[in-house]
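*Asks:* build me a structure from this.
(one chain, ligands or ions: 1)
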Amino acid sequence: MYGCNDIGFANYGKDWRQKRKIFVLELFSPKMMQSIRLIREEEVTKLVNNLCEEAQTNTSDYVNLSDMILETLNSIICKCSLGCNTQDYRYESAKELARKVIIQHAVVTLGDHFPWLRWVDVLRGQIQEFKATFGAMDALLDEVITKHKKLRREIIDDNQSNYEKDFVDILIQLQEDGSHHYELSNDDIKAIIVDIFVAGSITVSMTVEWAMAELLRNPITLKKAQEEVRGVVGHKPKVEESDIKKMEYLKCVVKESLRLHAPAPFLATRMTGTNDVKLEGFDIPAKTLVCVNAWAIHKDGECWENPEEFIPERHENSKVNYNGQDSQFIAFGFGRRGCPGMSFGIDSAEYLLANLLHCFNWKIPPQGIDMTEADALLSSKRVTLHLKPIPLSFK
Ligand code: HEM
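*Replies:* Model prediction:
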């Protein structure tokens, strides 16, 4: 999309550096993180309320928790990016399109492996489907940018400086001010927003989904995590963001979920430098494209004891952290290409999981939980997670 003019698919260079700088310094600045936190709290409260309602109205049914978590993340990302409220028709279309873009990004077609067989993808209608989704997303974002620019002019004319900005507002402001000595086109703005849609919601929702699945299969671990969360939150009906820093075990649960089920199993491909290198007995010629398999590294018996087992305790007092400096744990990648949405991703996963553990007890369906991974670019669950929520009373 947009000629790979985004962050995730762009080659190294000035363009990529500038966009990444904008992403980190402007969109996820400490000030923006504050308004993102409020949006997150609002959407997670909505999820908790919906689950309570489901539990009361459909007493015999198991809810599709995977879908409900993804819906919550999509709402958070759409609100942060476009700022539209739930009454706005664009909000629903944006959420639906974001869902389609995510699914289609993860599809590997025959033509991706064998470019001369691209015509088969055309015959199957896949290319037309991708183009239709891209066209609809592009048109929607054009409309969003036009409306935001109009509103911005009215706000400037009225001398109001203190209005709540979303990501599109910030990008338009940078475009008009020429900040960072960089000319941001409308296509650049759209490409950055699509990156956030694609990378921001499914990765986090998969982390929470796998964590819930693992916990429900490990009752002792579940009990330990729930006792910690409930001990910290007490009789309050929901978890506050500030509670999370006291939940050491919950943090280990999220980390272990990311180890065992890294949402992005393959990192961005890298090219080795201009010299040949020798690594672990292998000769790697200069300028070789290298594909790093985080999934395999996270399950390597030389790095991890009982690598296939879900053991959050292994992270207690461990020096291995998220920043990719320890090559055995690279869920967010490493180096200059490492994930710029890491803090947002971890905070969101921890906050969502804490609320699910605090507000409900959970029941597994009679057929159990299928832990098979889907065969795709993202290691999602092949079968969505269905559970029955049993709400707790905090009166
Ligand atoms: C649990 C959540 C997440 C995980 C596990 C994750 C994982 C990753 C990984 C493995 C990469 C490739 C890094 C590399 O090759 O070294 C990446 C890149 C990226 N991620 Fe994330 N991510 C998460 C959340 C997010 C969020 C919330 C956003 C945005 C809101 C985001 C935006 C990006 C972008 C833009 C890139 C491309 C960076 C570049 O190429 O310079 N990610 N992510």
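*Asks:* for residue 249, give its distance to the ligand.
*Replies:* 19 Å (C-beta to the nearest ligand atom, to the nearest Å). Any C-beta I mention is one placed from the backbone N, CA and C, and that applies to glycine too.
*Asks:* which one is that residue nearest to, not counting chain neighbours?
*Replies:* Ranked by C-beta to C-beta, 6 or more residues apart in numbering and with sequence neighbours excluded, the top spatial neighbour of residue 249 is residue 228, at 4.6 Å.
*Asks:* doesn't the one you found belong to a helix?
*Replies:* Yes - judged by DSSP: H, G, I helix; E, B strand; the rest coil, residue 228 forms part of a helix.
*Asks:* that one: neighbour count?
*Replies:* Using other C-beta atoms under 10 Å, residue 228 is surrounded by 20 other residues.
*Asks:* enumerate every residue touching it.
*Replies:* 247-250 (C-beta atoms under 8 Å, 6 or more residues apart in numbering).
*Asks:* what residues does this structure have near the ligand?
*Replies:* By the rule C-beta under 6 Å from any ligand atom, the part of the chain lying against the ligand is 7-8, 20, 195-196, 199-200, 203-204, 207, 258, 263-264, 267-268, 331-334, 337-341, 344-345, 349.
*Asks:* list buried residues within the residues you listed.
*Replies:* Listed as buried from the residues of the chain next to the ligand are 7-8, 20, 195-196, 199-200, 203-204, 207, 258, 263-264, 267, 331-334, 337-341, 344-345, 349; burial here means 16 or more other C-beta atoms under 10 Å.
*Asks:* in helices only, show me those residues.
*Replies:* Judged by DSSP state H, helices contain the following of those: 20, 195-196, 199-200, 203-204, 207, 258, 344-345, 349.
*Asks:* residue 274 contacts residue 287, doesn't it?
*Replies:* Yes - Residue 274 is within contact range of residue 287, at 6.9 Å (criterion: C-beta atoms under 8 Å).
*Asks:* my guess is residue 250 contacts residue 225. True?
*Replies:* Yes - using C-beta under 8 Å, residue 250 is in contact with residue 225, at 5.8 Å.
*Asks:* tell me, what's touching the two both at once?
*Replies:* Common contact partners of residue 250 and residue 225 (C-beta under 8 Å, 6+ apart): residue 357.
*Asks:* settle it for me: which of the two has more neighbours?
*Replies:* Using other C-beta under 10 Å, the more surrounded residue of residue 250 and residue 225 is residue 250, with 27 against 23.
*Asks:* which parts of the stretch 1-150 of the chain are strands?
*Replies:* Taking DSSP state E, counting those that start in this stretch, the strands of the stretch 1-150 of the chain run over residues 63-64.
*Asks:* give me the number of residues near the residue lying closest to residue 16 once chain neighbours are set aside?
*Replies:* In space, and not counting its chain neighbours, residue 16 is closest to residue 10: 4.1 Å by C-beta to C-beta, 6+ apart. Counted by other C-beta under 10 Å, the residues lying close to residue 10 total 18.
*Asks:* output the lowest mean pLDDT helix or strand found in the chain.
*Replies:* Taking mean pLDDT, DSSP states H and E as the measure, the chain has helix 89-106 as its least confident helix or strand, at a mean of 75.
*Asks:* tell me what that one is packed against?
*Replies:* helix 65-82, helix 126-157, helix 186-200 (3 or more C-beta pairs under 8 Å, 6 or more residues apart in numbering; DSSP states H and E).
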